[in-house]
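Engineer: Fold the following.
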Amino acid sequence: MTTPDFSTAIWVDQSPETVFKAINNVRGWWSEDIVGGTEKLNDEFKYHYQDVHRCQMKLIEVIPGKKIVWLVLDNYFKFTEDKSEWIGDKIIFDITEKEGKTQITFTQLGLVPAYECYDVCQDAWSNYIQKSLYSLITTGKGQPNASGKPQTENEKKLGAEAGS
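Structural biologist: Sure thing, here's the model as predicted:
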């Protein structure tokens with residue numbers, strides 16, 4: 001059975017412990033503008049990208065080398081009518097090792113095609129997981145966004161609209 005929730009996966013040669021540490025370095029792969037703790041159970045952090053997107057996450061499950069789960073406590077998109085999108089969603093990083101390789105499966109439970117933000121969000125998560133997190137794990141350097149530093153075409157477009 002397949003789920004409509006957005007999911008993507010990558011494989012790397014690094015250990016589950018290295019992968020776990022990289023995922024928790026949220027400033028290294030998602031955004032340099034993260035405020036708060038991103039590593040321990042019950043840590044909370046805030047993300048924002050200009051006036052386009054901001055959210056608050058809480059780490060509700062942290063199993064070293066195996067799994068990390070964030071709960072979306074609050075969320076705002078400038079570009080959606082429905083202001084409740086993402087609130088209550090769980091963002092899951094499952095880490096598994098097989099034959100000397102490590103797989104990271106990213107799933108956002110609740111991010112479904114019916115969401116107004118789905119196309120923009122699946123594009124952003126695909127970029128941040130498949131490119132930025134992958135690069136952070138394999139080279140030590142990711143491509144996080146920051147104010148004035150968009151990483152996706154949608155961030156460029158929506159950031160320009162937010163600034164006008």
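
Engineer: Please report the distance of Asn154 from Glu161.
Structural biologist: 10 Å (CB to CB, to the nearest Å). Just so you know, the C-beta spots here come from the backbone N, C-alpha and C atoms, and that holds for glycine as well.

Engineer: Next up, the contacts around Phe79.
Structural biologist: Val52, Cys117, Val120, Leu158, Glu161 (CB atoms under 8 Å, 6 or more residues apart in numbering).

Engineer: cool, and Ile60?
Structural biologist: With contacts defined as CB under 8 Å, 6+ apart, Ile60 is in contact with Leu41, Asn42, Val69, Trp70, Leu71, Lys90.

Engineer: Distance check, it against Asn25.
Structural biologist: Distance from Ile60 to Asn25, by CB to CB: 19 Å.

Engineer: returning to what we had before: could you identify which of the contacts of Ile60 has the most neighbours?
Structural biologist: Trp70 (24 neighbours; other CB atoms under 10 Å).

Engineer: buried sites along stretch 53-66?
Structural biologist: His53, Arg54, Cys55, Gln56, Met57, Lys58, Leu59, Val62, Lys66 (16 or more other CB atoms under 10 Å).

Engineer: how about a markdown table for those, with secondary structure, pLDDT and distance to Ala146 added?
Structural biologist: Converted to a markdown table, the buried residues of stretch 53-66 look like this (DSSP: H, G, I helix; E, B strand; the rest coil; pLDDT from 0 to 100; distance: CB to CB, whole Å):
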| residue | secondary structure | pLDDT | distance to Ala146 |
| --- | --- | --- | --- |
| His53 | strand | 92 | 13 |
| Arg54 | strand | 93 | 14 |
| Cys55 | strand | 96 | 16 |
| Gln56 | strand | 98 | 18 |
| Met57 | strand | 98 | 17 |
| Lys58 | strand | 98 | 22 |
| Leu59 | strand | 98 | 22 |
| Val62 | strand | 98 | 25 |
| Lys66 | coil | 98 | 30 |
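
Engineer: Now flag whichever of those is closest to Tyr76.
Structural biologist: Arg54 (5.0 Å; CB to CB).
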